[in-house]
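Novice: I'll drop the sequence and a predicted model, then ask my questions.
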Amino acid sequence: MTAAPRHGILPVQELQAAAAAGWIKAPPFADDQFQPASLDLRVGRVAYRIRCSFLPQGRRVEEMLPELLMYEVDLTEGGILERGNVYLVPLQESLALPGDVQGRTNPKSSTGRLDIFTRVITDRSHRFEEIGGGYHGPLYLEVVPRSFTVRVTTGLSLNQLRLSVGEPRLDDAELKALYGRHTLLFDERAQAIPADEALIRNGLFMSIDLRGAGGRGVIGYKARRHSGIVDLAKEKAHAAPAYWAPIPAPEESGLILEPEEFYIFASRERVRVPPDVAAEMVEYDSGSGELRTHYAGFFDSGFGYGAGRRRGTRAVLEVRPHDVPFRIEHGQVFFKLVYERLTATPAQLYGRGSHYHRQGLALSKHFR
């Protein structure tokens with residue numbers, strides 16, 4: 001594999017070359033694992049029910065497992081992971097990265113919309129989701145179903161990996177220049193939002209929609225507390241009303257969210273991710289409220305772009321308030337995206353085979 005440029009996320013063709021070079025090791029890869037700027041990771045044959053979450057610090061995960069293990073769950077024919085329990089799942093992929101290549105992981109969209117909390121753990125690591133340059137070793141996925149008990153089968157993908165060299169993140173000046181070349185935000189009527197009206201401060205800020213299409217109808221969903229099992233291998237197999245309570249547009253100007261409940265909303269704006277960049281919802285700023293605003297925060301190259309002709313796609317927000325009830329209003333600034341450069345334009349853009357390419361407010365692909 002040729003040397004990568006100095007700064008950026010590796011696009012699909014370089015991820016494929018990295019796999020061929022042995023940087024990423026696995027059973028035979030499936031073609032649909034490779035996304036424009038990320039690789040889907042697959043769960044292995046067993047899930048370990050453990051007593052608590054952990055970070056290995058200077059130890060190998062395998063060394064620590066006997067201290068935490070309660071029992072094993074066989075995933076080969078589909079295993080049940082109970083709501084509220086903590087599981088550790090060895091992934092099928094492992095890494096042998098060069099010293100200048102690091103990794104970062106995040107949940108897939110369907111995982112986040114099911115309120116399944118997932119984080120990758122590596123040997124001797126002191127942070128979740130971040131994989132240091134030169135890492136050689138296995139990958140493990142911590143899985144905590146929060147709202148629903150789920151059935152997980154070997155080979156399913158709950159999270160994704162991206163590899164990068166150097167510092168891929170655009171600073172504000174670079175982000176403003178990108179906005180000038182490609183309008184990044186559009187309003188509810190799909191009209192371009194001028195660059196001087198966009199709020200850019202260590203990223204691009206966006207807001208929440210509490211009116212819905214035409215100011216009426218459903219503006220969100222709240223997870224029901226007592227529901228059946230969600231089989232992650234089955235698409236459109238579960239009746240949405242059995243798992244979700246629809247939220248109508250509020251008659252007042254605001255909506256109060258209950259602590260430790262899980263909600264799905266959509267952004268007010270439509271966003272675009274041009275071909276030579278990717279985007280990520282950054283960690284929530286607790287100074288803006290006691291709630292978590294996303295689980296799955298990565299937007300592959302081409303999201304909402306459509307060869308430059310698409311006027312954006314709304315982002316779906318996974319929201320869980322903490323500690324106290326929290327009031328939100330239509331148009332309230334709710335989250336931000338950071339944009340990251342790629343080392344090259346991907347050979348394929350977001351949309352091929354995706355369930356969320358043209359999404360508005362949407363539940364995961366498992367519901368009808």
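Specialist: Nice, thanks for sending it over. Bear in mind the structure is a predicted one, so any value in this text is a computation, not a measurement. Numbering: from 1, shown residues only.
Novice: Okay, and the beta partners of D40?
Specialist: Listed by DSSP bridges, the beta-bridge partners for D40 are Q160.
Novice: hmm, I was thinking of R320
Specialist: Assessed by DSSP bridges, R320 has beta-bridge partners R292.
Novice: Same question for R341.
Specialist: The partner residues for R341, given DSSP bridges, come to V277.
Novice: list the contacts for it?
Specialist: R341 makes contact with 7-9, 168, 170, 174, 276-277, according to Cβ atoms under 8 Å, 6 or more residues apart in numbering. The C-beta positions use only the backbone N, C-alpha and C, and glycine is treated the same way.
Novice: Now, of these, which are buried?
Specialist: 8-9, 168, 170, 276-277 (16 or more other Cβ atoms under 10 Å).
Novice: Now distance to R151 and pLDDT too, for those residues, in JSON lines please.
Specialist: Output for those, formatted as JSON lines (distance: Cβ to Cβ, whole Å; pLDDT from 0 to 100):
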{"residue": "G8", "distance to R151": "38", "pLDDT": "97"}
{"residue": "I9", "distance to R151": "33", "pLDDT": "97"}
{"residue": "P168", "distance to R151": "36", "pLDDT": "97"}
{"residue": "L170", "distance to R151": "40", "pLDDT": "97"}
{"residue": "D276", "distance to R151": "39", "pLDDT": "95"}
{"residue": "V277", "distance to R151": "36", "pLDDT": "97"}
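Novice: coming back round to it: adding distance to G228 as columns, could you present the contacts of R341 in a markdown table?
Specialist: Formatted as a markdown table, the contacts of R341 follow (distance: Cβ to Cβ, whole Å):
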| residue | distance to G228 |
| --- | --- |
| H7 | 47 |
| G8 | 44 |
| I9 | 38 |
| P168 | 41 |
| L170 | 44 |
| E174 | 47 |
| D276 | 44 |
| V277 | 40 |
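Novice: Confirm that Q16 sits in a helix.
Specialist: Yes: counting by DSSP: H, G, I helix; E, B strand; the rest coil, Q16 is found in a helix.
Novice: Around it, how many other residues sit close by?
Specialist: 19 (other Cβ atoms under 10 Å).
Novice: How about the one 3 residues further on?
Specialist: With neighbours defined by other Cβ under 10 Å, the count for A19 comes to 18.
Novice: any idea what sits nearest it, other than its immediate chain neighbours?
Specialist: Leaving aside its chain neighbours, A19 sits nearest to F29 (6.0 Å; criterion: Cβ to Cβ, 6 or more residues apart in numbering).
Novice: Can you give me the domain assignment for this structure?
Specialist: Annotated domains of the chain cover 8-165, 172-341 [automatic domain parsing].
Novice: mean pLDDT for the ones you listed: which is lowest?
Specialist: Least confident of these, judged by mean pLDDT, is domain 172-341 with a mean of 90.
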